[in-house]
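> let's see this in three dimensions:
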Amino acid sequence: MSGVTAEPAARPSDELQAQPSLVRVMGPGLLLLFIVGDILGTGVYALTGKVAARVGGAAWAPFLVAFFAAIVTACSYLELVRKYPRAAGAALCTHQAFGIHFITCMVAFTVMCSGITSASTASRAFAANLSAAFDLSIEGGFGITLLAMAFMGLVAALNFRGVGESVKLNVVLTVVELTGLLIIITIGLWAIVGGQGDLARVTQFTPSEGQSVFTAITAATALAFFAMVGFEDAVNMAEECKEPVRIFPFVMLTGLCITGAIYVLVSISAVALVPVEQLGEGETPLLQVVQAGAPGFPLGIFAFITMCAVANSALINMLMASRLVYGMSQERVLPAALGLVHPGRRTPWVAIAFTTLLALGLIAFAGGVPALGGTTALLLLGVFTVVNVAVLVLRRDRVEHKHFRAPTVIPVIGAIVCGFLATPWAGRPVVQYEIAGILLIIGVVLWAITALVNRKLDRVAVDLAHLA
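Next up is the predicted model:
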């Protein structure tokens, strides 16, 4: 019309570049505590018995295989974080490697869903430990479900109030979580030395009828992998670390080795003190270990430690999930309503409500800890497969500075192992795929609605620009 073109709207990336950089406050020690604290938690506290039930007394074997899968994937993350030393997760490296908006969105949404399923797992574990430790006489799964939903409501209230994570809080909670696991290891060693435990059980493989040892181990590993997740969150701390290019490889691998060793020792102690059949019952396996190895130990104290560990997992994961939904709405990937911020609390209240409703639905209808924990592992194994492939694709992207480069065979093995553990051939129950499928369908629907709305808004903006 007038021949005057409208100025292009500022892009989110332009606005981000105008923001000041984050403060680099984390050295090697604090980074190590962050990684260890992020990995420790619900998985080993709630799923040790279920892992043992699938493979027998050699419950340490699935944890060892899960550690191997985590370590090779960690090498891929290390290459990315040293190549692009900024706060970057799986979604960003996926976008950088493939440049397909839909795939990037689904990876981000999958990470968000893994946080919700992880928090739901922690809520059920919290409820089960609270009931068992303080003899609340809650009968059946219905009572545990109600208690878990009430706990999730408390987490939502704290999230809405604006509870933020800090390095100091992470240190305290890490010490609490680590103390609980060291208590289990100490009790196990003390009982074994005193001739109380049955160490012979540790070498016994007793797969379910119709399963080979290999199938049993892979099925148990698919569940045990839930205990090893969390290391990938450290990538998002790159911009707040001192010299991340230099310190990340040693610190991340050290953190994984520490947690891997703790998990193996905990599983050995548990199986040596409690028969596998008994250990696999219920959702409080480590409380049974304390009762068997140290009957005089105050059960309430250990239950408090366990509840701190799983409560921390729930809160951190719901914080992550709600903020990720908020960020995706700000980038016009999800509906804009999900990005609304409460004027008083300054928290993304709609995103908090959305993620909390999903979590409550999972707690109510998706089953117990094994189904939810297994779904978390399934979702993240899919993401890790994509990340390992992305590392190979990004080898063509050259950067000026020197950086860690994993041997090519490492991401190849990582993609194969993670991809295999995410398939039905790994012995995964169908329910995990059903839960993951429903969550991802919700993501696709939200993405499609947002794409249609954005397209209409863009057309309106173009028409207004022409009229101008």
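> element containing residue 96, please.
Assessed by DSSP states H and E, residue 96 sits inside helix 90-98.
> after that helix, next one along is what?
helix 101-134.
> avg pLDDT for that next one?
Helix 101-134 carries an average pLDDT of 86.
> quick one: name whatever helix or strand follows it.
helix 140-161.
> now what about that next one, what contacts it?
119-120, 123-124, 126-128, 130-131, 136, 138, 283, 311, 314-315, 318-319, 322, 342, 345, 347, 349, 352-353, 356, 359-360, 363-364, 368 (CB atoms under 8 Å, 6 or more residues apart in numbering). Using the backbone N, CA and C atoms, a C-beta is placed for each residue, glycine as well.
> just stretch 218-225 next, same as before
In contact with stretch 218-225 (CB under 8 Å, 6+ apart) are residues 43, 47, 50-51, 54-55, 59, 61-63, 65-66, 69-70, 211, 370, 373-374, 377-378, 380-381, 420-422, 425-428.
> 7 Å - rerun?
The contact list for stretch 218-225 (CB atoms under 7 Å, 6 or more residues apart in numbering) reads 47, 50-51, 54-55, 62-63, 65-66, 69, 370, 373-374, 377, 381, 421, 426-428.
> go on, stretch 198-213?
Counting by CB under 7 Å, 6+ apart, 55, 56, 57, 58, 192, 215, 216, 268, 271, 272, 276 sit against stretch 198-213.
> one more time with 6 Å
With contact meaning CB atoms under 6 Å, 6 or more residues apart in numbering, stretch 198-213 is reached by 56, 57, 58, 192, 216, 268, 271, 272.
> contacts for the helix holding residue 96, please.
Contacts for helix 90-98 (CB under 6 Å, 6+ apart): 80, 104, 107, 108, 111, 383, 386, 387, 390, 393, 394.
> check the gap between the nearest residue in space to the first one that is not next to it in sequence and residue 252 for me.
When the adjacent residues along the chain are set aside, residue 80 lies closest to residue 93, with 5.1 Å between them (CB to CB, 6 or more residues apart in numbering). Taking CB to CB, to the nearest Å as the measure, residue 93 and residue 252 are separated by 16 Å.
> who has more neighbours, the two?
The neighbour comparison of residue 93 against residue 252 (other CB atoms under 10 Å) goes to residue 93, with 26 against 23.
> tell me the pLDDT at the more buried one?
79.
> measure it to residue 249 for me?
17 Å.
> orientation of the host helix or strand of residue 452 relative to helix 101-134 in degrees?
Residue 452 is part of helix 430-467, with elements assigned from DSSP H and E. Counting by axes from the mean of the first three to the mean of the last three CA atoms, to 10 degrees, helix 430-467 lies at 140 degrees to helix 101-134.
> list the buried ones in helix 430-467?
432, 433, 435, 436, 439, 440, 443, 446, 447, 450 (16 or more other CB atoms under 10 Å).
> cool, stretch 216-232 as well?
So, applying 16+ other CB under 10 Å, buried residues of stretch 216-232: 216-232.
> so residue 114 sits against residue 377, correct?
No. When contacts are counted by CB atoms under 6 Å, residue 114 is not listed as touching residue 377 (8.5 Å).
> ok, the two, which is more surrounded?
Here residue 114 and residue 377 are compared on neighbour count by other CB under 10 Å; more neighbours surround residue 377, at 32 against 27.
> is it true that that one touches residue 227?
No. Taking CB under 6 Å as the definition, residue 377 is not a contact partner of residue 227, at 8.8 Å.
> one step back: farthest-apart pair in the contacts of stretch 198-213, please.
Maximum pairwise distance among the contacts of stretch 198-213 (CB to CB): 24.7 Å, between 192 and 216.
> now the helices: where do they sit in the stretch 301-450 of the chain?
Assigned by DSSP state H, counting those that start in this stretch, the helices in the stretch 301-450 of the chain fall at 349-365, 369-393, 409-421, 430-467.
> return the distance of the third one from the chain's centre.
This means helix 409-421. Centre-to-centre, helix 409-421 and its host chain are 19 Å apart (CA atoms, centre = their mean, to the nearest Å).
> that helix vs helix 369-393, what angle?
Using the same axes, to 10 degrees: helix 409-421 against helix 369-393 is 150 degrees.
> what helices or strands is helix 409-421 leaning on?
Helix 409-421 is packed against helix 60-83, helix 369-393, with contacts defined by 3 or more CB pairs under 6 Å, 6 or more residues apart in numbering; DSSP states H and E.
> switch to 8 Å and redo it
Helices and strands touching helix 409-421, by 3 or more CB pairs under 8 Å, 6 or more residues apart in numbering; DSSP states H and E, are helix 60-83, helix 213-224, helix 369-393.
> the first one too?
For helix 349-365, the contact count by 3+ CB pairs under 8 Å, 6+ apart identifies helix 101-134, helix 140-161, helix 299-330, helix 430-467 as packing neighbours.
> out of those, flag the one nearest residue 260.
Between these, helix 299-330 lies closest to residue 260; by CB to CB that is 17.3 Å.
> distance from the closest one to the middle of the chain?
That offset, for helix 299-330, works out to 10 Å (CA atoms, centre = their mean).
> now do stretch 97-113
16 Å.
> could you shift the numbering so residue one becomes 263, and keep it that way?
Taking 263 as the first residue, the last one we looked at is stretch 359-375.
> can you count the residues close to residue 557?
Residue 557 has 8 neighbours, counted by other CB under 10 Å.
> for it, helix, strand, or coil?
When classified by DSSP: H, G, I helix; E, B strand; the rest coil, residue 557 comes out as coil.
> any idea how far it is from residue 457?
16 Å.
> now do residue 345
Distance of residue 345 to residue 457, computed by CB to CB: 54 Å.
> rewinding a little: overlap in contacts, residue 376 and residue 639.
With CB under 8 Å, 6+ apart, residue 376 and residue 639 have common neighbours residue 491.
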